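> My questions are about this predicted structure, shown below with the sequence.
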Amino acid sequence: MTPAIQQSITLPATPKALYDTFMDSKKHSAMTGMPAKISPRVGGKWNAFGGSIWGRNILLAPGKMVVQSWRSTAFKKADEDSILVVTFTKVDGGTRIDLAHVNVVPSDHKGVMNGWKQYYWGPWRNYAEKKR
């Protein structure tokens, strides 16, 4: 098993605004610059980056937490899903997002670890700053 990917960032927006950006298809697409389709319901399917990552919503606490099963095109059919937990906590200056991503396949671990930084944190900061 690969080590958990744990990352945190503070962005200049409310927990509700950041949760909504992550869980709304249009906002998520605008934030990343790539197509996303996201069900806002527990058990609902989601995909992002034109379908190169996908899964299901396991637990949703609006404005507070998202727990999803998660796969990418690098996962083999026999590989178990990875699990993503994202929490949103109000702090001075905005919201701290804490991410824990577990059970990422070894062949994709480095790419996923770097991908959060490259494809989410920078674009999300830019999106949040423009919305202020």
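Arrived safely, thanks for sending.
> Strands of the chain, start to end?
5-11, 37-38, 45-48, 53-61, 65-72, 82-91, 94-102 (DSSP state E).
> what's the offset of the third one from the middle of its chain?
Right, strand 45-48. 10 Å (CA atoms, centre = their mean, to the nearest Å).
> dump the residue contacts of V85.
By CB atoms under 8 Å, 6 or more residues apart in numbering, V85 lies in contact with 65-67, 99-102. The C-beta positions use only the backbone N, C-alpha and C, and glycine is treated the same way.
> From those residues, keep the buried residues only.
In terms of neighbour count (16 or more other CB atoms under 10 Å), the buried residues within these are 65-67, 99, 101.
> Now pLDDT and distance to Q6 too, for the contacts of V85, in TSV please.
As requested, the contacts of V85 are arranged in TSV below (pLDDT from 0 to 100; distance: CB to CB, whole Å):
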residue	pLDDT	distance to Q6
M65	98	15
V66	98	15
V67	98	15
L99	98	7
A100	98	5
H101	98	8
V102	98	9
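> do you know how far the closest residue to W124 other than its chain neighbours is from V105?
Spatially, and ignoring its direct neighbours in sequence, W124 is nearest to M31 (5.6 Å; CB to CB, 6 or more residues apart in numbering). Separation of M31 from V105 (CB to CB, to the nearest Å): 26 Å.
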